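Q: I'd like to go over a predicted model; first the sequence, then the structure.
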Amino acid sequence: MKSPRTFEEQTEYIVEALLSGLLGEDEKVAFRCLETDSVTESSTEYQLCAESEASSAFDPTIIASRLRNLGDQYNEDLEQPAQRVIAGVTKGKVEEFGAMVDSLSKAWSSQNPELSYERAFLAVSVKLLAYLVRKVPTVATQLHLEELINGNREVRGYIQAHGGWENFEN
């Protein structure tokens, strides 16, 4: 596999890095060297691999970190929304996560006019995912955040209009 060229591929790598960090697997996860398609055994080696890619500014670990920082800006209580997501997922309704993120994002952005829906969406999705990872890791790994981001035209358009994931800032 070559360097991820599509938005979908990049999102997949970013969510993988995000989940690895949230699950505390940073040092255990094998990452692919995007340039050579070799597998490395630690995030340190991955960083060296990523730094060797002179042609690409895409580093999923850095972007995942920026997303986590953005998520830290969301300070609402997530207990009730998380319980609803957990209940939905245990009944096979994985889409409950997306509906909850959308609802919380719209509420937060409407309360803060300086905050765009798209940034609120990213912040809430990461914060809710992080909360779920702490509470019920098995549920969190079923949520497919990459599909949620890729499927949201507004969020996707926002990221692409700002230069893609490579230029994402929190």
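A: Structure received. Residues are numbered from 1 along each chain as shown.

Q: tell me where the chain has helices.
A: 7-22, 43-51, 60-71, 79-90, 95-111, 117-135, 137-140, 145-151, 153-161 (DSSP state H).

Q: same list (those helices) but as TSV, adding distance to residue 170, mean pLDDT and mean neighbour count.
A: For the C-beta atoms, the positions are set from N, CA and C on the backbone; glycine is no exception. Formatted as TSV, these follow (distance: least, CB to CB, whole Å; pLDDT from 0 to 100; neighbours: other CB atoms under 10 Å):
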stretch	distance to residue 170	mean pLDDT	mean neighbour count
helix 7-22	13	95	21
helix 43-51	19	42	16
helix 60-71	4	96	20
helix 79-90	22	93	16
helix 95-111	15	96	18
helix 117-135	9	96	22
helix 137-140	21	86	16
helix 145-151	15	95	19
helix 153-161	13	96	14
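
Q: C-alpha coordinates for stretch 126-139, PDB please?
A: The C-alpha coordinates for stretch 126-139 follow below in PDB (Å, rounded to 0.1, in the frame of the first residue of the first chain):
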ATOM      1  CA  VAL A 126     -13.600  12.300  19.700                       C
ATOM      2  CA  LYS A 127     -14.700  13.200  23.300                       C
ATOM      3  CA  LEU A 128     -17.600  10.800  23.300                       C
ATOM      4  CA  LEU A 129     -15.400   8.100  21.800                       C
ATOM      5  CA  ALA A 130     -12.700   8.700  24.400                       C
ATOM      6  CA  TYR A 131     -15.400   8.500  27.100                       C
ATOM      7  CA  LEU A 132     -16.700   5.200  25.700                       C
ATOM      8  CA  VAL A 133     -13.200   3.800  25.500                       C
ATOM      9  CA  ARG A 134     -12.700   4.400  29.200                       C
ATOM     10  CA  LYS A 135     -16.100   3.000  30.200                       C
ATOM     11  CA  VAL A 136     -16.600   0.100  27.700                       C
ATOM     12  CA  PRO A 137     -13.700  -0.400  25.300                       C
ATOM     13  CA  THR A 138     -15.500  -3.200  23.400                       C
ATOM     14  CA  VAL A 139     -18.300  -0.900  22.500                       C
END
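
Q: chain center to it, what's the gap?
A: 12 Å (CA atoms, centre = their mean, to the nearest Å).

Q: what does stretch 157-168 give?
A: Worked out by CA atoms, centre = their mean, stretch 157-168 lies 14 Å from the chain centre.

Q: how's this structure carved up into domains?
A: 7-69, 74-164 (automatic domain parsing).

Q: straight-line length of the first one, end to end?
A: Using CA to CA, to the nearest Å, one end of domain 7-69 lies 21 Å from the other.
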